[in-house]
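# give me a 3D structure for the following:
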Amino acid sequence: MKAIYFIFIAGSLMNAQVGINTSAPSRTLDLNGNLRVRTQTDQSANTGYSNVLIADDNGNVDYVKKNVLNQQMVQLFNLNTLPSVSAGGSGTVTPVSISNQSITLTNPAFVMISYSVPITLSAAATDGRMKLLRTHLNVDGTNVVRSSNTYTNSTTTGTNLTGIFYNAGSYITLLSAGTHTIEILGTCFDFATASQCLQGGSLSGTSFQAFAMYNSY
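Numbers count the residues shown, from 1 in each chain. Predicted coordinates for the structure are as follows:
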């Protein structure tokens with residue numbers, strides 16, 4: 001019996017592969033059967049794995065596919081009132097921050113963002129030039145969405161347009177665990193003074209919200 005064990009161990013060392021219930025192991029340890037592991041290593045950050053191992057309290061191990069796991073949706077913020085900022089200008093107009101939200105994700109997650117920003121034009125335009133009303137969405141300092149309204153005040157389309165416009169948009173992205181910033185900014189071109197175009201406020205239909213979609217594990 002000792003000779004048999006010696007031959008088995010020597011053969012295993014030479015091949016550097018051990019098979020249990022299989023005569024053709026394909027890895028260092030190839031187990032053809034149920035598995036019990038008393039200690040496991042956390043691989044949650046490794047994107048190369050498509051299966052998720054699950055274990056009971058005794059260490060009995062099986063797996064489930066990532067794509068069939070239940071999802072958990074968490075609301076990160078939901079705003080119906082935004083600061084009202086003067087966003088008008090002429091020439092080169094720098095976007096003005098309307099709302100900048102900091103979020104913290106406990107795990108990597110798909111983040112869904114949507115916004116609807118009211119724009120109030122307080123003075124009638126009479127110069128006959130095109131007006132551009134734009135709202136930007138930035139994630140971690142990078143512009144990802146631009147929503148725009150345009151109109152031309154002229155003798156054919158009218159030179160006294162005033163009132164309320166809405167810029168709306170949405171965006172979905174995969175973000176890593178940790179802290180991130182989600183910001184909306186506004187620009188209005190071409191206005192003589194910044195106060196002629198206000199973005200934000202608390203009018204009906206105003207919203208800025210974000211949700212995180214986590215895997216349940």
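
# and the residue nearest to Leu133 when sequence neighbours are not counted, what's its pLDDT?
Closest residue to Leu133 apart from its sequence neighbours, by CB to CB, 6 or more residues apart in numbering: Asn149 at 4.3 Å. Where C-beta positions appear, they are placed from N, C-alpha and C, glycine not excepted. For Asn149, the model assigns a pLDDT of 84.

# what residues are up against the closest residue to Ile119 other than its chain neighbours?
Excluding the flanking residues, the one nearest Ile119 by CB to CB, 6+ apart is Phe165, at 4.3 Å. Contacts for Phe165 (CB atoms under 8 Å, 6 or more residues apart in numbering) come out as Pro118, Ile119, Leu121, Leu133, Asn149.

# distance of the residue nearest to Leu133 from Ile119?
For Asn149, the distance to Ile119 (CB to CB, to the nearest Å) stands at 7 Å.

# mutual contacts of those two, please.
Between them, Asn149 and Ile119 share these contacting residues under CB under 8 Å, 6+ apart: Leu133, Phe165, Asn167.

# looking at the residues you listed, spot the one nearest Gln40.
Nearest to Gln40 out of the shared contacts of Asn149 and Ile119 is Asn167 (CB to CB; 49.0 Å).

# now for that closest one, how many residues are close by?
22 (other CB atoms under 10 Å).

# now do Leu137
Leu137 has 23 nearby residues by other CB under 10 Å.

# pLDDT below threshold where in the protein?
1-15, 44, 58-59, 67-70, 154-161, 216-217 (pLDDT under 70).

# pop the domain breakdown of it in here.
2-68, 71-215 (automatic domain parsing).

# tell me the most buried of those domains?
domain 71-215 (a mean of 16; mean count of other CB atoms under 10 Å).

# now do that domain: distance to the chain's middle.
Its chain's C-alpha centre and that of domain 71-215 lie 17 Å apart, by CA atoms, centre = their mean, to the nearest Å.

# what's near enough to touch Gly48?
Neighbours of Gly48 in contact, by CB under 8 Å, 6+ apart: none.

# how far away is it from Ser102?
31 Å.

# re the thing from before, which of the contacts of Phe165 fall within strands?
Pro118, Ile119, Leu121, Leu133, Asn149 (DSSP state E).

# how near is the last one to Cys188?
Applying CB to CB, the value for Asn149 to Cys188 is 10 Å.

# now for these two: what residues contact both?
Ile119, Leu132, Leu133, Arg134.

# so how far is Val139 from the first one?
For Ile119, the distance to Val139 equals 22 Å [CB to CB].

# also the second one?
Summarising the geometry, the distance separating Leu132 from Val139, computed by CB to CB, is 23 Å.

# residues touching Ile164, list them.
Ile164 touches Pro118, Ile119, Thr120, Leu121, Leu203, counting by CB under 8 Å, 6+ apart.

# show me where this protein has helices.
With DSSP state H, the ranges of helices along the chain come out as 2-15.

# hang on, the earlier thing: hmm, the residue nearest to Leu133 is touching Gly169, no?
No: at 11.9 Å, Asn149 and Gly169 do not qualify as touching, with contact defined as CB atoms under 8 Å.

# hey, what's the closest residue to Ser170 other than its chain neighbours bridged with?
Of all residues not flanking Ser170 in the chain, Ser114 sits nearest, at 4.3 Å (CB to CB, 6+ apart). Legend: beta-bridge partners of Ser114 under DSSP bridges are Ser170, Gln209.
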